[in-house]
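Engineer: Here is a sequence together with a model predicted from it:
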Amino acid sequence: MDSIAQLCSAFGGTYAGQSMTDLFSLYTEIEQKTASFCREHAIACAQGCGTCCEHFMPDITASEARLVAAYLLFIKKDEALIEKVQQSIGNQKGPCPLYRFDSPFHCSVYAARPLICRLFGACAYQDKNGSAVFRRCKYNEEKTMPEHIVFESDVPVMQDYSYALRSLDGQEGEVGFLPEKVASMLDQLQFLAGMLDLDDSNPDDTPNPLAS
C-alpha cells in the first residue's frame, strides 16, 4: 500500500475510513487552490528550506492525527519514527518529530501532513479588519515571496480552511499538539486493523489490502 487513496479504501465502511476520506478530499481541494494562489502571486519557499519545521510543533485535530497515524503504521511502517513521535510527547516548541532535514519536502509524512503545514507561507489570512492579507514568512531570508499583499479579490484564506477542517471532527473537534494526538490514534488504528484483518503481523494467509 503506497497511497492515501488506498489507505482510505482499506478502512472503507468504518468511521476511521470515512474520516480519512473526508480529510483527504479537503486536502485535495486545498492543494489545488493554494497551488494556483502561489503561482499567481509568485509565492514560494526558498529551495531546501525547512526552518519552520525546526521551530514549530503543529497543533492538529483528531482527523488529522488519524490520517498521520495511519500513514505511519500502514504506509511508512517505520517503528523508529513512530517511537520518535511518542518520545516527543510534551514537546510543544519543536522541532516536529516528523521533520527530515535530508528530504526535499522535509517531512516524513508529506502526503499526510496537517493543514497548518500545507498553508504556512502558502495562503492568505484574515486580519482584524476582515481583509485578506499575505505576509512573507519570517524565515524567508532569501525573499522568494512578496513581503506584504492586501487582496481585493477572493483568495484562499487560512481561517476558512480551518473552519472547514474543524467541521469534519464534530465532537472530536479539540486540537492538540501533534505527538499527543497522533499517539492517541495509534492503538485505535491498530485495533481496528486487527478487526478488519489488515494487520501485517497476522500469521494466516488472508489477503491484505494494505500490502499491495
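Structural biologist: Received the coordinates, thanks.
Engineer: a helix runs through Phe134, doesn't it?
Structural biologist: No - in this structure, Phe134 is strand, not part of a helix, as judged by DSSP: H, G, I helix; E, B strand; the rest coil.
Engineer: Outside of the lowest-mean-pLDDT helix or strand in the chain itself, list whatever touches it.
Structural biologist: Sorting the helices and strands of the chain by mean pLDDT, DSSP states H and E puts helix 51-54 at the bottom, at a mean of 86. The contact list for helix 51-54 (Cβ atoms under 8 Å, 6 or more residues apart in numbering) reads 94-96, 98-99, 106-107, 117, 120-121, 137, 139. Every C-beta, even on glycine, is put in place using the N, C-alpha and C of the backbone.
Engineer: Check the spacing between Asp160 and Leu192 real quick.
Structural biologist: 31 Å (Cβ to Cβ, to the nearest Å).
Engineer: Revised request: answer the last question for Ala80.
Structural biologist: 23 Å.
Engineer: more neighbours, Asp160 and Leu192?
Structural biologist: Using other Cβ atoms under 10 Å as the criterion, Asp160 and Leu192 rank with Leu192 on top: 17 against 14.
Engineer: now the helices for this structure?
Structural biologist: 4-10, 15-40, 51-54, 62-71, 79-87, 115-119, 158-167, 178-195 (DSSP state H).
Engineer: Of those, which shows the lowest average pLDDT?
Structural biologist: Comparing mean pLDDT across the helices of the chain, the lowest value falls on helix 51-54: a mean of 86.
Engineer: If you count neighbours, what's buried in stretch 55-64?
Structural biologist: 56-64 (16 or more other Cβ atoms under 10 Å).
Engineer: Provide the contact partners of it at residue level.
Structural biologist: 19-20, 22-23, 68, 88, 91-96, 114-117, 139, 165-166, 168-169, 172-179, 181-182, 185.
Engineer: Now, of the residues you listed, which are buried?
Structural biologist: 19-20, 22-23, 68, 88, 94-96, 114-117, 139, 165-166, 168-169, 175, 177-179, 181-182, 185.
Engineer: Enumerate every residue touching Leu119.
Structural biologist: Counted by Cβ under 8 Å, 6+ apart, Leu119 has contacts 30, 34, 158, 161.
Engineer: what are the C-alpha coordinates of stretch 139-159, in PDB please?
Structural biologist: Output of stretch 139-159 as PDB, limited to C-alpha atoms (Å, rounded to 0.1, in the frame of the first residue of the first chain):
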ATOM      1  CA  TYR A 139      12.300  32.600   7.900                       C
ATOM      2  CA  ASN A 140      12.300  33.600   4.200                       C
ATOM      3  CA  GLU A 141      15.600  35.400   4.200                       C
ATOM      4  CA  GLU A 142      16.100  34.700   0.500                       C
ATOM      5  CA  LYS A 143      13.000  36.800  -0.200                       C
ATOM      6  CA  THR A 144      11.500  34.300  -2.600                       C
ATOM      7  CA  MET A 145       8.000  35.600  -1.800                       C
ATOM      8  CA  PRO A 146       6.300  39.100  -1.600                       C
ATOM      9  CA  GLU A 147       6.700  40.900   1.600                       C
ATOM     10  CA  HIS A 148       3.100  42.100   2.000                       C
ATOM     11  CA  ILE A 149       0.000  41.900  -0.100                       C
ATOM     12  CA  VAL A 150      -3.600  43.100   0.700                       C
ATOM     13  CA  PHE A 151      -6.100  41.400  -1.600                       C
ATOM     14  CA  GLU A 152      -9.300  42.900  -3.000                       C
ATOM     15  CA  SER A 153     -10.300  39.700  -4.800                       C
ATOM     16  CA  ASP A 154     -11.400  36.400  -3.300                       C
ATOM     17  CA  VAL A 155      -8.400  34.300  -2.400                       C
ATOM     18  CA  PRO A 156      -7.700  31.200  -0.200                       C
ATOM     19  CA  VAL A 157      -7.900  32.300   3.500                       C
ATOM     20  CA  MET A 158      -6.400  30.200   6.300                       C
ATOM     21  CA  GLN A 159      -9.300  30.800   8.700                       C
END
